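Q: Need a 3D model of the following:
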Amino acid sequence: MQGSWLKRLVLGGCLAVAPLSLVQPAQAQAEVKTPYWASIQRDEAFARAGPMATYQIEWVFRRKNLPVKVVKRYGEWRQIEDPDGWTGWMHSNMLSRKRTAITKSTVGAIRSAPRDSAKLMWRVERGVVGLLGDCESGWCEFDVEERNGWIRQDQIWGAGEP
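A: Predicted structure coming up:
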């Protein structure tokens with residue numbers, strides 16, 4: 001998977017990313033059962049082979065706000081799964097409970113309301129990260145740098161049940 005489109009974006013991409021203003025502390029994360037959605041809250045976050053700082057760093061994420069799925073917990077460590085299905089361990093202080101999503105369609109349509117017939121507001125290409133709002137009837141509110149609208153849930157990763 002090292003050659004996948006997302007890995008190249010994670011290391012070198014500069015696609016639009018919505019700002020995150022609130023971050024919940026690791027204590028709040030400890031109360032949640034796995035799996036659950038989270039996002040990377042740092043500009044540079046290390047994923048390790050195991051749940052301790054002594055384990056080798058396997059990947060460096062350089063994509064703040066990237067959605068991840070937390071699949072296991074071990075103390076202050078979280079085993080995450082990224083949008084490509086890669087897993088590694090990350091310290092909880094590098095994660096936020098702020099919900100984000102990433103587009104997985106080649107081109108996604110952002111509409112004014114949650115239906116195919118609604119006005120087309122703008123389009124997003126694959127790999128755009130945005131804040132995730134409410135989801136209903138297969139549509140989710142999606143906000144990229146304060147430009148918002150509705151996108152089909154099947155066009156994003158990070159929505160629905162983890």
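Q: The nearest residue to Phe61 once chain neighbours are set aside and Val60, how far apart?
A: In space, and not counting its chain neighbours, Phe61 is closest to Ala45: 4.5 Å by CB to CB, 6 or more residues apart in numbering. Backbone N, C-alpha and C define where each C-beta goes, glycine included. Going from Ala45 to Val60 by CB to CB, to the nearest Å gives 7 Å.
Q: The two: which has the busier surroundings?
A: Ala45 (22 against 11; other CB atoms under 10 Å).
Q: wait, doesn't that one sit right on Asn93?
A: No. If you go by CB atoms under 8 Å, Ala45 and Asn93 don't touch, sitting 9.5 Å apart.
Q: how is this protein carved up into domains?
A: With domains defined by automatic domain parsing, the chain comprises 5-99, 101-157.
Q: Now for the residue nearest to Glu76 when sequence neighbours are not counted, how many residues are close by?
A: Of all residues not flanking Glu76 in the chain, Ser92 sits nearest, at 4.9 Å (CB to CB, 6+ apart). When neighbours are counted by other CB under 10 Å, Ser92 registers 19.
Q: Tell me, what's the model's pLDDT at the residue of the chain most remote from its centre?
A: Ranked by distance from the centre of the chain (CA atoms, centre = their mean), the top residue is Ser117, with 27.5 Å. pLDDT, Ser117: 97.
Q: do the same with Ala47
A: pLDDT, read off for Ala47, is 98.
Q: Let me see the contact set for it.
A: Going by CB atoms under 8 Å, 6 or more residues apart in numbering, Ala47 touches 57-61, 80, 88-90.
Q: Pick the one among those residues closest to Val107.
A: Phe61 (24.7 Å; CB to CB).
Q: Secondary structure of Asn93: a helix, I assume?
A: Yes. Counting by DSSP: H, G, I helix; E, B strand; the rest coil, Asn93 falls inside a helix.
Q: okay, now it: neighbour count?
A: By other CB under 10 Å, neighbour count at Asn93 equals 14.
Q: With that, I have no additional questions.
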